[in-house]
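Participant: sequence first, then the predicted structure:
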Amino acid sequence: MKNNIFSCKGKTAVVTGGTGLLGFQLVKALAFSGAKVYSADKIRPKKYNSGVNYIDLDITSEKSILSAFKRIGRLDILVNSAYPRTKDWGNKLEKVNFESWKQNMNDQLGGYFLACRTAAERMKKIQSGSIINLSSI
């Protein structure tokens, strides 16, 4: 049998925003590749295949991130795909309040920063790991 370069067997992965459109597909792909996957989100998924766990995580809260990562333990792969946004997100540019825009930027980029920093600290202990951050307009 050839060595599968896409194998994640024996790895633990966390996907923030794991119940979202992209996150859900990433969770399934990582599980299919053999990883033990944690779908980290505020919304509980309807159903996943084996190898997938749900963990409550609010990407906008440092306390939530620290708590979730502590419960997970070992971490080999972090995929940030969470997409927090204010209620007015999606309005026409001229109707977006600057304070709301700043809140969106802080929630999205700040959450990724906090998750990356927390994951990197854990990955340093095992001297290995991968962090993937998704972004979009």
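Facilitator: Yep, that arrived.
Participant: which elements pack onto the lengthiest helix in the chain?
Facilitator: If you go by DSSP state H, the chain has its longest helix at helix 111-126. Using 3 or more C-beta pairs under 8 Å, 6 or more residues apart in numbering; DSSP states H and E, the elements in contact with helix 111-126 are strand 12-16, helix 62-72, strand 77-80, strand 130-133. Yep, even glycine has a C-beta here, placed from its N, CA and C like the rest.
Participant: ranking the ones you listed by burial, who's on top?
Facilitator: strand 12-16 (a mean of 28; mean count of other C-beta atoms under 10 Å).
Participant: just after that strand, pick out the following helix or strand.
Facilitator: The helix or strand immediately downstream of strand 12-16 is helix 21-32, counting by DSSP states H and E.
Participant: buried residues in that next one?
Facilitator: Judged by neighbour count using 16 or more other C-beta atoms under 10 Å, the buried positions of helix 21-32 are 23-24, 26-31.
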